[in-house]
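K.L.:
3D, please:
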Amino acid sequence: MKLQQLGWNEQYQTAFEAYAKLGYQAARVALEHTHLYTLYTEQGELLGEVSGKYRFEALERGDYPGIGDWVAIQGRPEDGRATIHALLPRMSKFSRKVAGSTTDEQIVAANIDTVFLVNALNNDFNVRRVERYLIMAWESGANPVIILSKADLCEDPEAILSELESVAIGVPIHIVSTFTDTGFDALAPYLTEGKTIALLGSSGVGKSSIINRMLGTEMQKVQGVRDGDDRGRHTTTHRELFLLPNGGMMIDTPGMRELQLWDADEGFSGSFQDIETLIEQCYFTDCTHKNEPRCAVREALNNGSLDISRYENYNKMKAELAYLARKEDAKLRQLEKQRVKKLSKHIRKTHA
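P.N.:
Next up is the predicted model:
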């Protein structure tokens, strides 16, 4: 494999120069195992693990490599292994808060050019969920594209398309069906050599079927949705980087029904620009949009130009981000204490 086929460019080359002088090679993370990584390299596919120094210096989950990351390695192709010494700066990343009460970042996919936000046109379609994915997509640094899958199950896909266009202003939207094999020609421009696409969406929306269609083979298992509610069963259980026949790359991810936000201030503002523009038009700068006179938000809600459910979703996610920011501040203070403690311990050992 050539690095350029894997998405290597001048930015990565510049970031890698210091490691090249140490005799390291560049590799891209294709699959994450427990403490091990499948790496794509010019020496072939290798199984890598981080060095002891790397592990010592890593303080949190986001410091470790994720799918799509570029790393500096010392390869041992004779036994198919490699040691990972450093993580190159990420040009983009799609991340979320890990499940549960812990405030920690989970890297879903890194160094992606385009995020395919896949939503099935069945009874489980939810425009509010699309808004949440859009926030994270804008924050990732990659370009979002909405894919409406399973078009064969929807009587009026154009009606949903129209509804989405009002909340996803300027975002390309494509309607596809693997059952009828329609709509995929429009996706070809995103899949050129060296470009990386990540597929994101809830369980059962058809991500694995789209991967199989792009690969031209049944690489991913496919399951249907549950009877009764059209909600999906988990098919993909891990994230993986696939090389496509036309030279592009695609990352499949497990379904994420509950996508908890992570560091999404800019993406939040971009996704709700219409509401934040209304807020700027309120007469009072500290308007709560409840009982104040000359409130642009209340006026828009009353005349129907602002959908009430969209506004409620805006408030819900804004509160979620504020809560996460408070927890993150406390965590950063704790991490700084750990960093100082580790450094002090290392200095004492060195001078003992």
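K.L.:
first vs last residue of stretch 274-290, how far apart are they?
P.N.:
Criterion C-alpha to C-alpha, to the nearest Å; first-to-last residue distance in stretch 274-290 is 18 Å.
K.L.:
list the buried ones in that stretch?
P.N.:
Within stretch 274-290, the residues that qualify as buried are 274, 275, 278, 279, 282, 287, 289, counting by 16 or more other C-beta atoms under 10 Å. (C-beta placed from N, C-alpha, C; glycine too.)
K.L.:
and the helix or strand residue 54 falls within, average pLDDT?
P.N.:
Using DSSP states H and E, the element containing residue 54 is helix 52-57. Regarding helix 52-57, the rounded mean pLDDT is 92.
K.L.:
quick one: contacts for residue 113?
P.N.:
7, 92, 142, 143, 190, 195, 196, 197 (C-beta atoms under 8 Å, 6 or more residues apart in numbering).
K.L.:
and residue 24, how far from residue 71?
P.N.:
9 Å (C-beta to C-beta, to the nearest Å).
K.L.:
the most centrally placed residue in the chain and residue 114: what is the separation?
P.N.:
The residue lying closest to the centre of the chain (C-alpha atoms, centre = their mean) is residue 94, at 2.7 Å. Noted for residue 94: a distance of 11 Å to residue 114, by C-beta to C-beta.
K.L.:
list residues touching both of the two?
P.N.:
With C-beta under 8 Å, 6+ apart, residue 94 and residue 114 have common neighbours 142, 198.
K.L.:
got the phi/psi numbers for residue 32?
P.N.:
phi -110, psi 120 (degrees, to the nearest 10).
K.L.:
what's the neighbour count on it?
P.N.:
Residues lying near residue 32 (other C-beta atoms under 10 Å) number 19.
K.L.:
list the contacts of it.
P.N.:
Here residue 32 is in contact with 38, 65, 66, 67, 238, 239 (C-beta under 8 Å, 6+ apart).
K.L.:
could you report the neighbour count for residue 53?
P.N.:
Quick note: residue 53 (other C-beta under 10 Å) scores 11 neighbours.
K.L.:
how about it, nearest residue that isn't a chain neighbour?
P.N.:
residue 85 (7.4 Å; C-beta to C-beta, 6 or more residues apart in numbering).
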